[in-house]
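S.K.: Dropping the sequence and predicted coords here.
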Amino acid sequence: MTATTLTRTWREPAATRDGLARLAPLDGELWASRLLTDRRCATRQQTADLARITAEVRSRARHLGAAALVLTGSTARGRRSAVSDLDYHVIGARPRLDDLPAEIDLYCDEPAEFLTKLERGDDFAHWTVRHGCVLFDSGALHEAAAYAADRDLWPDPERKLRQARRALDFAERLLASDDHAASHEQVRGALSLTARWWLLAHDVFPLARAELPAQLAMLRQPALARALQAAIHDRPDTEDLSAFLAVARSLTG
Amino acid sequence: MSPKAKVVVAREHLTKARQETDGGDLRDAVQWAFASLEAAIDALAAPHAIAIDEKHWRRTAAAKELYERGVLPKDLSDLHQELNHFRKAVFYEGEDLNAEEIEIEETLADVETAVSIAEDDGGLGAEDGEKES
């Protein structure tokens, strides 16, 4: 009789409430598969210029003794648009990146803080665990992912709703100030937050910003989907932006 | 209606930042202070032919270049980056800010410097285009 080795291969979690838990147990073998998959994914999703910046971020994070570094957001999803940042989540100290030629968003948490964020339903932390491209991990991220999967943790929609309402408030005030470029950015951000709240409240995990309109459409929320789509890809005028905010307001109250 | 000049927008945003500070809302104060500094940098960069391309990181670099060219008496690139970091934490993560995290009066004084110089510079740079996020 010959022994058969069953190899578990990482699959990205479905964007559903039980998506991560369905992959459990997140054992060492599965995690090793993820690291391999994610490294290939990061290579595939980045241009040469972006890859050079990522290599520098990785080097600086390692130099500071970071436990993990994850490429997140639209780059990790292969859905960059003209207004995309280059997003990372580092588990460890924050490296200086101000000399790098890109719009970089860097989220930093110590390992214990990261677990706390998962526990309290911070959707950025959950995004990193579920859909980020792990660039390196000394074990802290694996532990966090297993923690979230075992407990079937889910981001807190109410927290997102509070953020969305506040963001809508500020976007309305900025829109009234006649600073159109800044208003457009704020409206786009406020609509994204509203979309993320709506999706989380309906047990759908929000992906990259450019993917949110399609996710909203699947949930039969076409008005917000259209508004967000236009805010991302078009050049709406002040009247359009005001109408987009009204759509979001009709949902958030 | 023609768009307001960037320098006018910068002054109005700074006024709101001061009002929010006086009212004790540091989160909105940071948002307005950042918007004011961005508009002031735009207003200063245009007549000095410094490319912004409506990107935040280019404004950070422009703040440094404006200092190196002697337009600004102080390098505000770190302040610009710090405000960008804080306003994103407030806007996207819903973080609270407290007085220990940011020296708001010092921040507003630095932004005031940039806005005043932009006003003295002629206030060119009417708004157009789109910022990256």
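M.R.: Cool, the structure landed.
S.K.: what about residue A:134, distance to chain B?
M.R.: According to CB to the nearest CB, to the nearest Å, residue A:134 and chain B sit 21 Å apart. To be clear about C-beta, it is placed using only N, CA and C from the backbone, and glycine gets the same treatment.
S.K.: Buried residues in the helix or strand hosting residue B:16, which are they?
M.R.: Per DSSP states H and E, residue B:16 falls inside helix B:6-22. Within helix B:6-22, the residues that count as buried by 16 or more other CB atoms under 10 Å in any protein chain shown are B:6-14, B:16-18, B:20-21.
S.K.: repeat for stretch A:113-128
M.R.: Here stretch A:113-128 shows A:114-115, A:117-118, A:121-128 as buried, counting by 16+ other CB under 10 Å.
S.K.: ok, so of the residues you listed, who is nearest residue A:214?
M.R.: Among the buried residues of stretch A:113-128, residue A:127 lies closest to residue A:214 (CB to CB), at 16.9 Å.
S.K.: Show me where chain B has its helices.
M.R.: Using DSSP state H, the helices of chain B run over B:6-22, B:26-45, B:56-68, B:77-93, B:104-120.
S.K.: So which of these is the most surrounded?
M.R.: Mean neighbour count (mean count of other CB atoms under 10 Å in any protein chain shown) peaks for helix B:26-45 among the helices of chain B, with a mean of 27.
S.K.: Packing partners of that helix?
M.R.: helix A:157-175, helix A:180-201, helix B:6-22, helix B:56-68, helix B:77-93, helix B:104-120 (3 or more CB pairs under 8 Å, 6 or more residues apart in numbering or on different chains; DSSP states H and E).
S.K.: one more time with 6 Å, if that's ok
M.R.: Helix B:26-45 makes packing contacts with helix B:6-22, helix B:56-68, helix B:77-93, helix B:104-120 when contacts are defined by 3 or more CB pairs under 6 Å, 6 or more residues apart in numbering or on different chains; DSSP states H and E.
S.K.: returning to that earlier point: tell me the angle of the helix holding residue B:16 relative to helix B:104-120?
M.R.: 160 degrees (axes from the mean of the first three to the mean of the last three CA atoms, to 10 degrees).
S.K.: tell me the mean pLDDT over helix B:6-22?
M.R.: Computed over helix B:6-22, the mean pLDDT rounds to 96.
S.K.: how many degrees apart are that helix and helix B:26-45 in direction?
M.R.: Using the same axes, to 10 degrees, helix B:6-22 lies at 160 degrees relative to helix B:26-45.
S.K.: Next, see if helix B:6-22 gets close to chain A.
M.R.: Yes - Helix B:6-22 is in contact with chain A by CB under 6 Å from any CB of the partner chain, via residue B:9.
S.K.: Please work out which residues outside that helix touch it.
M.R.: For helix B:6-22, the surrounding residues in contact (CB atoms under 6 Å, 6 or more residues apart in numbering or on different chains) are A:179, B:28-29, B:32-33, B:35-36, B:39-40, B:42-43, B:104, B:111, B:115, B:118-119, B:123, B:125, B:127.
S.K.: Using CSV, write down the CA coordinates of that helix.
M.R.: Extracted C-alpha coordinates of helix B:6-22, given in CSV (Å, rounded to 0.1, in the frame of the first residue of the first chain):
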residue,chain,number,x,y,z
LYS,B,6,-6.9,78.5,-5.3
VAL,B,7,-5.6,81.2,-3.0
VAL,B,8,-9.1,82.2,-2.1
VAL,B,9,-10.1,78.6,-1.5
ALA,B,10,-6.9,78.2,0.7
ARG,B,11,-7.9,81.2,2.9
GLU,B,12,-11.5,80.0,3.3
HIS,B,13,-10.4,76.5,4.2
LEU,B,14,-7.9,77.9,6.8
THR,B,15,-10.7,79.9,8.3
LYS,B,16,-12.8,76.8,8.7
ALA,B,17,-9.8,74.9,10.2
ARG,B,18,-9.5,77.7,12.8
GLN,B,19,-13.2,77.5,13.6
GLU,B,20,-13.1,73.8,14.1
THR,B,21,-10.1,74.1,16.3
ASP,B,22,-11.8,76.7,18.4
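S.K.: what angle do it and helix A:157-175 make?
M.R.: Using the same axes, to 10 degrees: helix B:6-22 against helix A:157-175 is 130 degrees.
S.K.: show me the contacts for residue A:25.
M.R.: Residue A:25 neighbours (CB under 6 Å, 6+ apart): none.
S.K.: next one: phi and psi at residue A:235?
M.R.: phi -120, psi 70 (degrees, to the nearest 10).
S.K.: typo on my end, it should be residue A:125
M.R.: With angles defined as degrees, to the nearest 10, residue A:125 sits at phi -60, psi -40.
S.K.: Quickly note the distance from it to residue A:117.
M.R.: Applying CB to CB, to the nearest Å, the value for residue A:125 to residue A:117 is 4 Å.
S.K.: Surely residue A:107 is in a strand?
M.R.: Yes - checked against DSSP: H, G, I helix; E, B strand; the rest coil, residue A:107 lies within a strand.
S.K.: List the single closest residue to it in space, sequence neighbours excluded.
M.R.: Of all residues not flanking residue A:107 in the chain, residue A:89 sits nearest, at 4.5 Å (CB to CB, 6 or more residues apart in numbering or on different chains).
S.K.: what about the worst-scoring helix or strand of chain B on mean pLDDT and chain A, touching?
M.R.: Of all helical and strand segments in chain B, the minimum by mean pLDDT, DSSP states H and E falls on helix B:77-93, at a mean of 89. Yes - residues of helix B:77-93 contacting chain A under CB under 6 Å from any CB: B:81, B:91.
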